[in-house]
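> Quick one: sequence and predicted model below, then my questions.
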Amino acid sequence: NAKGIILDIRGYPDYNVTDSVIPHFYVDSIRWGDFGRPIYYYPNQEKVIYDRGVEYLPKTSDYINTPVSVLINHKAMSYAETIIEILKRNKIGTLIGEPTIGTNGDVGILNLPVYAFNMSIIKDFSGYHGKGIFPDITVKRTLESIQNNKDNILETAIKHIYELDTNNK
C-alpha cells in the first residue's frame, strides 16, 4: 500500500541493485545499456572501432506498480551512473537531486610480459561521460539544510510522491 518508493543512488550503491531491485519496476526486460568493447584503435585512442552491443536485464514476475523517486547527486559515478542511466532510459521513476559526476565506463588491466597497464575497455555511448546525468527535478543541498540536519533532496522526493498520489485520485 505504499504511495511510492524512493531509491537512493547518491554515492556508490551495492552491485545487487541492478539484478535484485531494478527489474521489479518494469514489466518487460530492461535495456541495460549500449556498450562497446574496443577491437581496434589508433594512438591516443583516436578513431576507436568498437564492437557494440545492447544488453538487457531479465524481467521478473514480481512487478511493483508504484511511483519511484530516485535520489542522485554529484557523488554518483561509474556503476551508480550506469544504474541511473538504466532508470532514465527505461523511464523508471523521477530523478531528483543534483547532476552526477560524469565518469561512467569501465577499466581493465592488461597484463603484458614486461608490465601491466590500465585502459578503458568498455565505453557507454550514452553521452554522459564528462557531463553527468541531470535530474528531472533539480534540488541542491544548501548550507541551511546541512546546518539544520535536513535532507532537502529526500524531502523533495517525498513531496513529489505525495503530489503524484494526490493527482492520481
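Received the coordinates, thanks. If you're wondering where the values come from, they're calculated on a predicted model, not measured in any experiment. Residues are numbered from 1 along each chain as shown.

> where along the chain do the helices fall?
Assigned helices in the chain, in chain order: 79-89, 143-147, 152-167 (criterion: DSSP state H).

> what residues are up against Leu154?
6, 8, 71 (Cβ atoms under 8 Å, 6 or more residues apart in numbering). No exception for glycine: its C-beta is placed from N, CA and C like everyone else's.

> Least confident secondary structure element in the protein?
One helix or strand of the chain scores below all others by mean pLDDT, DSSP states H and E: strand 116-124, with a mean of 56.

> Tally up the residues packed near Ser61, please.
Residues lying near Ser61 (other Cβ atoms under 10 Å) number 6.

> State the distance from it to Pro67.
To Pro67, Ser61 is 21 Å away according to Cβ to Cβ, to the nearest Å.

> Looking at the helices of the chain, which one is packed in the most?
Mean neighbour count (mean count of other Cβ atoms under 10 Å) peaks for helix 79-89 among these, with a mean of 21.

> residues in contact with Glu98?
72-74, 135, 138-141, 153.

> Could you tell me what pLDDT the model assigned to it?
pLDDT, Glu98: 95.

> and what of Leu164?
pLDDT, Leu164: 88.

> Phi, psi for the closest residue to it other than its chain neighbours please.
Excluding the flanking residues, the one nearest Leu164 by Cβ to Cβ, 6 or more residues apart in numbering is Pro67, at 4.7 Å. As for Pro67, its main-chain torsions (degrees, to the nearest 10) stand at phi -60, psi 140.

> Can you get me a residue count around Pro67?
Count around Pro67 with other Cβ under 10 Å applied: 20.

> ok, Ser29 to Asn65 distance?
Ser29 is 17 Å from Asn65, where distance means Cβ to Cβ.

> which of the two has more neighbours?
Ser29 (14 against 7).

> That one against Asn90, yeah?
No - using Cβ atoms under 8 Å, Ser29 is not in contact with Asn90, being 9.7 Å away.
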